[in-house]
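Q: Using only what follows, build the 3D model:
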Amino acid sequence: MMVYSNRVIIALTFLLYQPSFADGQVVLSLTENNVISHQEYNANIATGQLAVPALSGLLYAAWYSTTALEPVQMGAGSNLLFTNGTYNFSADNIRYQLVNIGGATPGSAGLAGTLAPEAPIAGSLQTIFTPESATANATYGAIMMKYRIPPASLSATGFISGTYTGVSLIHNQPNRGILGLVGYRYITPASIPISISVPAINKWVSTTTTFTRNYTNVSSFTTAADLDFNLTTFSVGHTEPAFIEIKAQGPVTFTPHGGGATTTVPVNIVQAQGTGFTTTPLSTNYALLNATGLPVPNGNITTVPLTVKISAANVVQYLFKAGTYTFNIDLRTRNSGSTVSDVKTIAFTITTDPLSSIAVQGTPDVNFSYGSLADYQTSKSVNMPNHLLITNNKNYEVYIKSGAANFTRNSIATSIPASIVQVENGTGETVVTGRTLSTTSQSIITNAGAIINRQLSLKYTIPASQTLQFLGKQTGTTPYILNVIYSFTSL
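A: Predicted coordinates:
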């Protein structure tokens, strides 16, 4: 008889639990909000793993204990300084606290014990959690820690883009079990590197993008000053030295007051300048204002000491006419390689109101003296060099009229008519149309172009044929007086 038998082989394979830990390090990745806006950094990050020996279910796995229960501790050892080249950041600025282990929060069924308060990362080991007992339950898995950097620490630091390294966390829960199979709960890895990642940032964080100026007085042009637009409201947030560039989008556009064809003014009348910047007339190509980058300050925000300027001479020459002048510029901040940059467009509007002024210069009186027979027999003229000072920022006409129909003496009207006086070109003048005075306004200059501080010379004449008007009139030192009125009309 043959006996057949089947055998079943039972094999027990014991695998040591080795939890995974992402890249074996902790990276605090700061954002733009942290670095530039100084918003608190707050992140929960897996910081090692709690491992339980593979046979702990068959035997037991306790929190490490010798004569008394040991709390779970972490610390940074002796090195408390993160470094990025020559730029440092103290680990004391970072506060941390246990969040959970294997998803179980302290005090829960999966993690019996007491949570330690938040504390700054210290050089020596400090408690993060105290188990309820040496045999208290603890779910294995990732150790989740909360890391926090307060706003005050962020604003007091000048962060440079890149990675800050040099600090590692250690703990007091190494693998003390038997061949890693039986024994105590332990934290792996033994040393956990911490780094701080800072992004490359170069952007405008505080800007005023519209600027205006309104000219309302003649004196703004007759005694002109430079027109300055202060751009120190502009601040750049940066983690690398910042280079500032400027360009115009096109020429200055002029729209006349009251309508008319739009024209342009060269944009190079506008220049950029500032402390540490090269004075640069604008063009439609970017111009670099600073050959040396603005250094990264504490808080990572630099106020840009920039002024956009039009000189007094160019204000008079190009902005005098009544109307609206507009132009746009692009202001760019970038790093040295132009890999990170930000552009803001700034709009400028300059308005010049219709302005006019006419004034009599020097001694205003025109004196005729008749003291001899010859005076009555010849024409008499009085030249008044630069008699009027004229400013008008639109095409204009100048009018003249007599203040009354007749001369007065002692404020009493006489029979001597205003029409005995003629007004015409003075020495060197050619633009005046001669007029005989009357109480009706008459133009002496027509369709003249805009002008600043035009000096006009006039000549007043009483022809010999008009001296008959003086016969029978009282003589003496009391003068006969007539007021002459000059006025403008803008076209």
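Q: Please, where are all the helices along the stretch 1-150 of the chain?
A: Assigned helices in the stretch 1-150 of the chain, in chain order: 32-35 (criterion: DSSP state H, counting those that start in this stretch).
Q: After the helix ranked longest in the chain, which helix or strand is next? Please name it.
A: When the chain is parsed with DSSP state H, its longest helix is helix 312-318. Scanning forward in sequence from helix 312-318, with DSSP states H and E defining helices and strands, the next element found is strand 323-334.
Q: Any buried residues in that following strand, and which?
A: With burial defined by 16 or more other Cβ atoms under 10 Å, the residues of strand 323-334 counted as buried are Gly323, Tyr325, Thr326, Phe327, Asn328, Ile329, Leu331, Arg332, Thr333, Arg334. Glycine gets a C-beta too; all of them are placed from N, C-alpha and C.
Q: so what does that strand touch, helix or strand wise?
A: In terms of contacts (3 or more Cβ pairs under 8 Å, 6 or more residues apart in numbering; DSSP states H and E), strand 323-334 is packed against strand 202-206, strand 243-248, strand 252-256, strand 341-352.
Q: What score does the nearest residue to Thr135 once chain neighbours are set aside have for pLDDT?
A: Nearest residue to Thr135, sequence neighbours excluded (Cβ to Cβ, 6 or more residues apart in numbering): Ala62, at 5.0 Å. The score at Ala62 is 70. That number is its pLDDT.
Q: partners of Ala62 in the sheet?
A: Per DSSP bridges, the residues bridged to Ala62 are Tyr184.
Q: hang on, it packs against Ala134?
A: Yes - contact status for Ala62 versus Ala134: in contact at 4.7 Å, counting by Cβ atoms under 8 Å.
Q: Break the chain down into its structural domains.
A: According to automatic domain parsing, the chain is divided into the following domains: 22-199, 203-352, 356-490.
Q: distance between the first one and the chain's centre?
A: Per Cα atoms, centre = their mean, to the nearest Å, the displacement of domain 22-199 from the mean C-alpha position of its chain is 42 Å.
Q: Bridged to Leu331, which residues?
A: Going by DSSP bridges, Leu331 forms beta bridges with Ile246, Lys344.
Q: wait, what's in contact with the closest residue to Tyr147 other than its chain neighbours?
A: With sequence-adjacent residues excluded and distances taken as Cβ to Cβ, 6+ apart, Tyr147 is closest to Tyr96, at 5.1 Å. Residues near Tyr96 by Cβ atoms under 8 Å, 6 or more residues apart in numbering: Met74, Glu118, Ala119, Pro120, Ile121, Ile128, Met145, Lys146, Tyr147, Arg148.
Q: ok, so what distance separates Tyr96 from Glu118?
A: Tyr96 is 7 Å from Glu118, where distance means Cβ to Cβ, to the nearest Å.
Q: again with Leu331
A: From Leu331 over to Glu118 the distance is 43 Å, taken as Cβ to Cβ.
Q: Asn214 too?
A: Counting by Cβ to Cβ, the gap from Asn214 to Glu118 is 56 Å.
Q: Repeat that for Pro256.
A: In this view, Pro256 and Glu118 are 68 Å apart by Cβ to Cβ.
Q: And the pLDDT for the nearest residue to Ala116 once chain neighbours are set aside?
A: In space, Ala116 comes closest to Thr127 once its chain neighbours are excluded; the distance is 4.6 Å by Cβ to Cβ, 6+ apart. pLDDT, the model's per-residue confidence, is 95 for Thr127.
Q: who does Thr127 bridge with?
A: Those that pair with Thr127 in a beta bridge, by DSSP bridges, are Gln73.
Q: tell me the contacts of the nearest residue to Asn88 once chain neighbours are set aside?
A: Counting by Cβ to Cβ, 6+ apart, Asn88 lies nearest to Leu81, which is 5.3 Å off, once chain neighbours are set aside. The neighbourhood of Leu81, defined by Cβ under 8 Å, 6+ apart, consists of Asn88, Phe89, Ser90, Ala91, Gly166, Val167.
Q: hang on, the earlier thing: for the longest helix of the chain, name the packing helices and strands.
A: helix 219-222.
Q: Residues touching the helix it packs on, excluding its own?
A: When contacts are taken as Cβ under 8 Å, 6+ apart, the neighbours of helix 219-222 outside the stretch itself are Tyr215, Val315, Val316, Phe320, Leu355, Ser357, Thr391, Asn393, Ile452, Asn453.
Q: Check the secondary structure at the last one for me.
A: Secondary structure of Asn453, reduced to three states by DSSP: H, G, I helix; E, B strand; the rest coil: strand.
Q: gap between stretch 358-367 and the chain center?
A: 50 Å.
Q: Now it: buried residues?
A: When neighbours are counted by 16+ other Cβ under 10 Å, the buried residues of stretch 358-367 are found to be Ile358, Val366.
Q: if I look at the residue nearest to Gly276 when sequence neighbours are not counted, how far off is Thr139?
A: For Gly276, ignoring the flanking residues on the chain, the nearest one in space by Cβ to Cβ, 6+ apart is Asn290 at 6.0 Å. Noted for Asn290: a distance of 57 Å to Thr139, by Cβ to Cβ.
Q: ok, now which ones touch Asn483?
A: Taking Cβ under 8 Å, 6+ apart as the criterion, Asn483 is in contact with Ser402, Gly403, Ala404.
Q: These, buried ones only, as a ChimeraX selection?
A: Buried members of those can be picked out in ChimeraX with the line below, counting by 16+ other Cβ under 10 Å:
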select :402
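Q: Can you tell me which of the contacts of Asn483 lies closest to Gly102?
A: When those are compared for distance to Gly102 (Cβ to Cβ), Gly403 wins out at 104.0 Å.
Q: show me the residues around the closest one that make contact.
A: With the criterion set at Cβ under 8 Å, 6+ apart, Gly403 makes contact with Thr439, Leu482, Asn483, Val484, Ile485.
Q: can we see that at 10 Å?
A: By Cβ atoms under 10 Å, 6 or more residues apart in numbering, the contact list for Gly403 reads Ala418, Leu437, Thr439, Ile481, Leu482, Asn483, Val484, Ile485.
Q: what's the answer for Val343, then?
A: Val343 makes contact with Lys203, Trp204, Glu245, Lys247, Tyr286, Asp330, Leu331, Arg332, Thr333, Arg334, according to Cβ under 10 Å, 6+ apart.
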